[in-house]
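Chemist: let's see this in three dimensions:
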Amino acid sequence: MVRHSATLALDEALRARQAAGQRVLHLGFGEAGLPVPATVADVLAGAAGRNGYGPVAGSPEARRAAAGWFSRRGLPTEAGHVLFAPGSKALLFALLTALPGDVVLPTPAWVSYAAQSALAGKRVIGVPVPAEAGGVPDPERLARVLREERPGVLVLTVPDNPTGTVARPEHVRAVCELAGRHGLAVIADEIYTELIHDARAPARPAALLPERTVVTCGLSKSMALGGWRIGFARLPAGPFGDALMTELTGIASEVWSSLAAPMQAVAAHVLDEPPEVRAHIAAARRLHAGVARAVHAEFTAAGADCRPPEAGFYLYPDFGPLRPALAARGLDGAAALADALLAEHGVGVLPGDAFGDDPRALRFRVATSLLYGETEAERRAALHGGDPLALPWIAAALTRLRAALTALPSGPRRTP
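Modeler: As a prediction, the model looks like this:
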């Protein structure tokens, strides 16, 4: 049975609580939480009359814009090597379906990789990430796995969800060398690449293993257009990429036909990177970084171990240092800890086992991007104001989180 995505299920449950009048601190869903820029909304409105089917891989304008976007980021790309879809999730599933062999995932990893692999009939081989950052398997552990296993696909997330970190260049280089040596195809999910907090370029697997790496991306995170479902992929040049493009185009033609034509107009506009788009992404990057750092400070002050945020709007705190106090309350795993936060304090987070982590560990993912406001006016103030942490609704959210984390170890004992 295919279960409801853990992230989407939690989001729907928390929003239902809010609709019922309950006070909820929503830290459970990775929606970018920002308004649509007026110029982008105008492009969509102007393209509303484009109601015909378009080319399966995308319009010439959108594919040229995406090729230029990749090329400006150090990955020379031809338009014929780009494929659009209704969200990068569709592309990831098509890739996992088309590419042969079992799938290696970093652990923890975004919830949908394992679910999609199962749907595609693939076995998942989890390899823990290094201590410094997530998104890539630990190279030494991966080397040991590849001496015993014969997978076909390696998935990397640079920057990472759920840890909010950027894999170190030496780790990316090492795992790409291993992938090349063992004939693996690499899927590099770069959906958060525009939201690296210090704007430095990530280590790009496609530049390290150019002939066997597919890069997927989209506008859900950088532009907060998750509901518009705009995803795109860059396939490598050469025989491997050409054969894969044929396969993916076939899958796309039978599953989604083509990305909606108005969304292709939006993609062409955004990926051409006019000044207002660049300014919007820069402002979003600053906001995500500032709020994520503030939330990180609350978790570390409460005694949790937590990697500092480096990209996007995620944290992955570990309450292992508080295990004795939490165990005395009957909180012996991530699910119990998340349940207590929600039931006792109205704080919604997603347990680490949803990401393939050990369910006994006291780790969960925190998404900070729905703290920016409940109305469009509040979200615009957060995006364009000088000090978002001083805004009353963000300050109140941090105060509420602090109170919940302070009370958590000393709350009432819970019985099974």
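Chemist: if I look at residue 400, how far off is residue 260?
Modeler: 39 Å (Cβ to Cβ, to the nearest Å). Any C-beta I mention is one placed from the backbone N, CA and C, and that applies to glycine too.
Chemist: counting neighbours, go ahead and name the busier of these two.
Modeler: The neighbour comparison of residue 400 against residue 260 (other Cβ atoms under 10 Å) goes to residue 260, with 20 against 15.
Chemist: quick one: pLDDT of the more buried one?
Modeler: Per-residue pLDDT puts residue 260 at 98.
Chemist: contact partners for it?
Modeler: Contact partners of residue 260, counting by Cβ atoms under 8 Å, 6 or more residues apart in numbering, are 86, 229.
Chemist: how about the one 10 residues further on?
Modeler: Shown here is residue 270, whose contacts under the criterion Cβ under 8 Å, 6+ apart are 40, 65, 219, 223, 277.
Chemist: of all those, which comes closest to residue 83?
Modeler: Nearest to residue 83 among these: residue 65, at 13.5 Å, using Cβ to Cβ.
Chemist: tell me if the closest one really is in a helix.
Modeler: Yes: under DSSP: H, G, I helix; E, B strand; the rest coil, residue 65 sits within a helix.
Chemist: for the stretch 1-150 of the chain, which spans come out with low pLDDT?
Modeler: For the stretch 1-150 of the chain, the stretches flagged by pLDDT under 70 are 1.
Chemist: repeat for the stretch 201-350 of the chain
Modeler: Using pLDDT under 70, nothing in the stretch 201-350 of the chain is flagged.
Chemist: and stretch 3-13, how far out from the chain's middle?
Modeler: 15 Å (Cα atoms, centre = their mean, to the nearest Å).
Chemist: list the buried residues for it?
Modeler: 6, 7, 9, 10, 11 (16 or more other Cβ atoms under 10 Å).
Chemist: just stretch 93-113 next, same as before
Modeler: Those would be 93-99, 101, 103-113, for stretch 93-113 by 16+ other Cβ under 10 Å.
Chemist: and those, which of them are in strands?
Modeler: Among these, the ones falling in strands (DSSP state E) are 103, 104, 105, 106, 107.
Chemist: ok, the third one - contacts?
Modeler: When contacts are counted by Cβ under 8 Å, 6+ apart, residue 105 is found next to 113, 114, 117, 124, 125, 126, 127, 137, 155, 356.
Chemist: tell me the bridge partners for it.
Modeler: Note on residue 105: beta-bridge partners by DSSP bridges are residue 126.
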